[in-house]
Structures are given as C-alpha cells and as structure tokens.
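**Student:** Sequence and predicted structure below; questions after.
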Amino acid sequence: NDWNRYSKYFTHYMAWELERLQMSGVSTGSINITMRKKCYELFKKEYHDTWQEILVKFEESTQYTETGKTVSQWQQLFNKSAKRFTQLASFHMTVL
C-alpha cells in the first residue's frame, strides 16, 4: 500500500523529508510515528498530482538493486517495467 511504500521512501530520503518537515515549522527531534505521518502528509501535499507515481517508481527502482532473484522474477520485473514504459510513452504521444 502507499503508506508502506512511503515508509521505504522515507527511510531512504530521511534527510530530505525531515528538512521538508522543518520548513513547515515543525521541530524535529527523535523520529516517531507522528512525525513520519506529518512528513507523509507534506509529501502528498507537495506532490499532489504525482505522489503515488513517485512512490511506485521508487519501489520499482529499489527492486532492481535486490539480489537473489530468479531468472523468472527478473523477467517479470522487466515485463512490468516495459509495460509501464509503453503506457507512459502512449500517454505522451496522445498529449502531443
């Protein structure tokens, strides 16, 4: 789900997310669930049109760095990414 995706994103980009939180006027101390939720809300507000796509792309990008996948798992990941790329290209072609 989106919260789980954001949790991984937050862990990876914690410094940026905490900076966004500080810029909103919230002081950052020890990181707790309340702070993480506030960061999540600020993230969704800043990227109101694309926040879900950002999290999906982040999740996909981390899958490419995982080790221990079988050939079949790599093939599925490639096919999924190729499908999304084709959909994105088709969308942009209709916009132009």
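**Tutor:** Ah, there it is.
**Student:** Distance of Ala82 relative to Phe91?
**Tutor:** To Phe91, Ala82 is 15 Å away according to Cβ to Cβ, to the nearest Å. Glycine gets a C-beta too; all of them are placed from N, C-alpha and C.
**Student:** ugh, wrong one, Leu18
**Tutor:** Leu18 is 34 Å from Phe91, by Cβ to Cβ.
**Student:** So between the two, which is more surrounded?
**Tutor:** Leu18 (17 against 9; other Cβ atoms under 10 Å).
**Student:** Quick check: buried residues in the helix or strand hosting that one?
**Tutor:** Remark: Leu18 resides in helix 14-23, with elements defined by DSSP states H and E. With burial defined by 16 or more other Cβ atoms under 10 Å, the residues of helix 14-23 counted as buried are Glu17, Leu18, Arg20, Leu21.
**Student:** before we move on, what about stretch 83-96?
**Tutor:** For stretch 83-96, burial by neighbour count (16+ other Cβ under 10 Å) applies to no residue.
**Student:** Provide the contact partners of it at residue level.
**Tutor:** The contact list for stretch 83-96, computed with Cβ atoms under 8 Å, 6 or more residues apart in numbering, reads Glu60.
**Student:** got the CA coordinates for that stretch in PDB?
**Tutor:** The C-alpha coordinates for stretch 83-96 follow below in PDB (Å, rounded to 0.1, in the frame of the first residue of the first chain):
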ATOM      1  CA  LYS A  83       4.500  -2.300 -19.800                       C
ATOM      2  CA  ARG A  84       4.600   0.800 -17.700                       C
ATOM      3  CA  PHE A  85       7.100   2.500 -20.000                       C
ATOM      4  CA  THR A  86       4.900   1.700 -23.000                       C
ATOM      5  CA  GLN A  87       1.800   3.100 -21.200                       C
ATOM      6  CA  LEU A  88       3.800   6.300 -20.400                       C
ATOM      7  CA  ALA A  89       5.000   6.700 -23.900                       C
ATOM      8  CA  SER A  90       1.500   6.100 -25.300                       C
ATOM      9  CA  PHE A  91       0.100   8.800 -22.900                       C
ATOM     10  CA  HIS A  92       2.700  11.300 -24.000                       C
ATOM     11  CA  MET A  93       2.100  10.600 -27.700                       C
ATOM     12  CA  THR A  94      -1.700  11.300 -27.200                       C
ATOM     13  CA  VAL A  95      -0.900  14.600 -25.400                       C
ATOM     14  CA  LEU A  96       1.400  15.800 -28.200                       C
END
